[in-house]
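Engineer: sequence and predicted structure are below.
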Amino acid sequence: MGILRKVCATLTAAAFVGVGALSATTSAEAAPQVVGAAQKSTTAPAPVGQPPRATAATKATPASSTKATMAKYRLDSRCMTRGRVLCINKKTRKLVYLVNGKAVQVMDVRFGAMKTPTRNGSFKIQRKSKNHVSTLYHSKMPYAMFFSGGQAVHYSSDFRARGYNGASHGCVNVRDKNKIAWVFARVRVGDKVVVYSK
């Protein structure tokens, strides 16, 4: 009888230890993975007295990548900033839509005639009008994004039909309706516009 009690006590103790281990494992698996500062380390160990080394995850986008983007599209340095920017180059006749310095969309554009030139400078989107009609010229200006008085970036059916044989009254005309509609949906009032010749 004494032997039987010892065997039962041993089995009961083993069962409790097993259940405890199982509970600990189950609790650890069920708990959400919280990434703390220690787990999300941005530095690799370094010898004592030296600054920590950056890991691959923490390395910033190389400056050469930014320079390559600027060179490819001949971007003005004012375009390379955080946020959304409409970067408009009169020489290349391109509008590059950038987000945090990365080119997201590129489209062909044309500008004002000699008597009604498109102004150069750094501006902000003042207002947007999806189905705008000019009060001065009574022409349709879909997806208009006004940046300097009455000058706006907008779709132009005339540009689509005639190309560079025509000109605007100072606005930045876009010939691809799908692209300008896509950009219009993302641009917000206050976003930066840079118009330049480079």
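Structural biologist: Yep, it's here.
Engineer: so where's the protein uncertain?
Structural biologist: Applying pLDDT under 70 to the chain flags the ranges 1-62.
Engineer: ok, which stretches of it are strands?
Structural biologist: Applying DSSP state E to the chain gives strands spanning 43-44, 53-54, 84-89, 94-99, 102-110, 121-124, 127-133, 140-148, 151-155, 172-174, 192-196.
Engineer: got the ones you listed as JSON lines, with mean neighbour count columns?
Structural biologist: Quick note: C-beta positions are derived from backbone N, CA and C, even for glycine. JSON lines is the format used below for these (neighbours: other C-beta atoms under 10 Å):
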{"stretch": "strand 43-44", "mean neighbour count": "11"}
{"stretch": "strand 53-54", "mean neighbour count": "12"}
{"stretch": "strand 84-89", "mean neighbour count": "23"}
{"stretch": "strand 94-99", "mean neighbour count": "21"}
{"stretch": "strand 102-110", "mean neighbour count": "18"}
{"stretch": "strand 121-124", "mean neighbour count": "14"}
{"stretch": "strand 127-133", "mean neighbour count": "14"}
{"stretch": "strand 140-148", "mean neighbour count": "22"}
{"stretch": "strand 151-155", "mean neighbour count": "25"}
{"stretch": "strand 172-174", "mean neighbour count": "27"}
{"stretch": "strand 192-196", "mean neighbour count": "22"}
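Engineer: of those strands, which approaches Ala63 most closely?
Structural biologist: If you check each of these against Ala63 by C-beta to C-beta, strand 102-110 wins as the nearest, at 14.0 Å.
Engineer: I'd like the strands of the chain laid out as CSV, including distance to Gly166.
Structural biologist: Formatted as CSV, the strands of the chain follow (distance: least, C-beta to C-beta, whole Å):
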stretch, distance to Gly166
strand 43-44, 57
strand 53-54, 52
strand 84-89, 18
strand 94-99, 17
strand 102-110, 7
strand 121-124, 24
strand 127-133, 18
strand 140-148, 14
strand 151-155, 14
strand 172-174, 8
strand 192-196, 19
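Engineer: nearest to Thr69, out of the ones you listed?
Structural biologist: Comparing those against Thr69 with C-beta to C-beta, the closest turns out to be strand 102-110 (5.8 Å).
Engineer: starting from the closest one, tell me which strands it pairs with and how they run.
Structural biologist: In the sheet, strand 102-110 lines up against strand 94-99 (antiparallel), strand 172-174 (antiparallel) (DSSP bridges).
Engineer: what does the last one rub up against?
Structural biologist: Residues outside strand 172-174 that contact it (C-beta atoms under 8 Å, 6 or more residues apart in numbering): 88, 95, 107-111, 118, 143, 151-156, 158-159, 180, 195.
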